[in-house]
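Colleague: Here's a sequence, model it:
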Amino acid sequence: MQVYVVGGAVRDALLGRPSDDHDHVVVGSTPEAMLAQGFKPVGKDFPVFLHPETHEEYALARTERKTAPGYHGFTFHTAPEVTLEEDLARRDLTINAMARDTAGRVIDPFNGQGDLAARVLRHVGPAFAEDPVRILRLARFAARFADFSVASETVALMQDMVAGGEVDHLVAERVWQELAKGLMEDKPSRMFEVLRQCGALARLLPEVDALFGVPQRADYHPEIDAGIHTMMVIDQAARRGFPLAVRYAALCHDLGKALTPADILPRHIGHEARSVELCQVLGERLRVPTDCRDLALLMARHHGSIHRAGELRAATIVELFEKCDALRRPARFDQLLDTCLCDYTGRGGWEERPYTAPARLYKALSAVNSVNAGEIAASCPDPSTIAERIRRARIAAVRQALEEAPDQPEQQ
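Modeller: Below is the predicted model of the structure:
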């Protein structure tokens, strides 16, 4: 029995990067032999075991054969005679198809080290085309290693896969899984760039793909293109280290601009409502987790109002808090404002421009929270008027905090 460290741990060690991947391949063994040594079986499709002490994964060397469309359509073969090179040959990219033995020697049958040095993402062989998930994985690696290019022959292969309908067999859960990982990488826009280059974005996320080429007003959006703006926004979210919900909301906030009537371009009047509808469609199709879906819907609906916070009267601000459930869900409201910050700074030349809306809204929210609703309710003789009295008290508190003149005309 021979044990090798494989995949990401080898790649990242060669790059001098920390790695959470500690996968192993075992050559020359059987499931029975692994069990006899105390390994715990966990693999459903093929033999994978957890080490009895470290709990790291150990998989028996295997080969695979395509039997049906999609990423489930494989049969696997494991046996003591399967070699390390045969196992590595079924992997996706050359930089992931390396192994390290117990003496520390690197086994690299597909020149992964050369591609690391050249900063190239390249498929190992024709078997890449058999699994559409590999398109998503490659795009995700492009987001992680932003200075890597994709080999021209790999791009051509992915384009053929898309044209052949392979990506149409991907299930929603797997698309979301890879999308979420890609959004959490250092430069998520690279993932969408690669998916768009091979045609997969139009099949998997048509709502996002449709944004490219849609013009916006240059005075508000010097980058002009709505798709480019969206990419800049998600990269701002990554640069600031924001969580997945913020990054997903950043991706979805302007989806409705793709449906703006041509006769009013480059203005996008009413795009918020259209964005909400497309967010709902996308969220249901990909089965997006509730926290990501809800924040995306709030962002799509209210980011325009939040950007105009300096113009809003006290009553309108209180109404905004009510619609966003800001009093009961302050952490989510924080994330909403974080996403708006990314939207504001995700524009050409605006990256360092001060964004004043959050400060004004937090000042107003503090005033609202200072209102003692229980005391008002207890002193109110008519229960039917409690809600309105509390609301009026909150508006008065916000007006005082913002030093707003009571006769100032409403602006929205």
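Colleague: Figure out how far stretch 287-295 is from the centre of its chain.
Modeller: In terms of CA atoms, centre = their mean, to the nearest Å, the centre of stretch 287-295 is found 12 Å from the chain centre.
Colleague: buried sites along that stretch?
Modeller: Across stretch 287-295, burial judged by 16 or more other CB atoms under 10 Å covers 288, 292-295. The way it works is simple: take the backbone N, C-alpha and C, and place the C-beta from them, glycine included.
Colleague: again, but for stretch 95-105
Modeller: Buried-residue list, stretch 95-105, by 16+ other CB under 10 Å: 95-100.
Colleague: Then stretch 7-26?
Modeller: Within stretch 7-26, the residues that count as buried by 16+ other CB under 10 Å are 7-11, 13-14, 23-26.
Colleague: Please narrow those to those residing in strands.
Modeller: Those of the buried residues of stretch 7-26 mapping onto strands are 23-26, per DSSP state E.
Colleague: Just the closest of the buried residues of stretch 287-295 to residue 309, please.
Modeller: Relative to residue 309, the closest of the buried residues of stretch 287-295 is residue 295; by CB to CB it sits at 18.2 Å.
Colleague: For that closest one, pull up the helix or strand it's in.
Modeller: Using DSSP states H and E, residue 295 maps to helix 290-307.
Colleague: What lies in contact with that helix?
Modeller: 244-246, 248-256, 272-273, 275-276, 278-280, 283, 288, 312, 316, 320, 323-324, 332, 335-337, 339-340, 343-344, 357, 361, 412 (CB atoms under 8 Å, 6 or more residues apart in numbering).
Colleague: next one: stretch 206-223
Modeller: If you take CB under 8 Å, 6+ apart as the criterion, stretch 206-223 is touched by 192, 196, 201-202, 224-230, 232, 251-252, 254-255, 257-258, 260, 265-268, 278, 281-282, 347-350.
Colleague: same question, stretch 185-201
Modeller: Contacts for stretch 185-201 (CB under 8 Å, 6+ apart): 135-136, 138-140, 142-144, 146, 150, 155, 158-159, 161-163, 167, 179, 182-183, 202, 204-205, 208-209, 212, 231-232, 234-235, 237-238, 247.
Colleague: a markdown table for the buried residues of stretch 95-105, including pLDDT?
Modeller: Below are the buried residues of stretch 95-105 laid out as a markdown table (pLDDT from 0 to 100):
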| residue | pLDDT |
| --- | --- |
| 95 | 97 |
| 96 | 95 |
| 97 | 96 |
| 98 | 97 |
| 99 | 96 |
| 100 | 96 |
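Colleague: Which of those sits closest to residue 35?
Modeller: Nearest to residue 35 among those, with distances taken as CB to CB, is residue 99, at 23.5 Å.
Colleague: Distance of that closest one relative to residue 154?
Modeller: Distance, residue 99 to residue 154, by CB to CB, to the nearest Å: 21 Å.
Colleague: do the same with residue 2
Modeller: 30 Å.
Colleague: between these two, which one's more packed in?
Modeller: For residue 2 versus residue 154, neighbours defined as other CB atoms under 10 Å are more numerous around residue 154 (24 against 13).
Colleague: who are the neighbours in contact with the more buried one?
Modeller: Residue 154 makes contact with 121-123, 128, 138, according to CB under 8 Å, 6+ apart.
Colleague: Of those residues, which belong to strands?
Modeller: Counted as lying in strands by DSSP E, out of the contacts of residue 154, are residue 121.
Colleague: follow-up on the earlier one: would you report which members of the contacts of stretch 185-201 are assigned to helices?
Modeller: Residues from the contacts of stretch 185-201 lying in helices, with DSSP state H as the criterion: 135-136, 138-140, 142-144, 155, 158-159, 161-163, 179, 182-183, 202, 204, 208-209, 231-232, 234-235, 237-238, 247.
Colleague: Generate a PyMOL selection restricted to the buried entries among those.
Modeller: Restricted to buried positions by 16+ other CB under 10 Å, the PyMOL selection for the ones in helices among the contacts of stretch 185-201 reads:
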select buried, resi 135+136+138+139+140+142+143+144+155+158+161+162+179+182+183+202+204+208+209+231+232+234+235+237+238+247
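Colleague: For residue 168, see how far away the residue most central in space within the chain is.
Modeller: Taking CA atoms, centre = their mean, the centroid of the chain lies closest to residue 183, which sits 2.8 Å from it. Per CB to CB, residue 183 is found 22 Å from residue 168.
Colleague: Going by residue numbers, what spans are strands in the stretch 51-200 of the chain?
Modeller: 57-60, 62-66, 74-78, 99-100, 106-107, 120-121, 149-150 (DSSP state E, counting those that start in this stretch).
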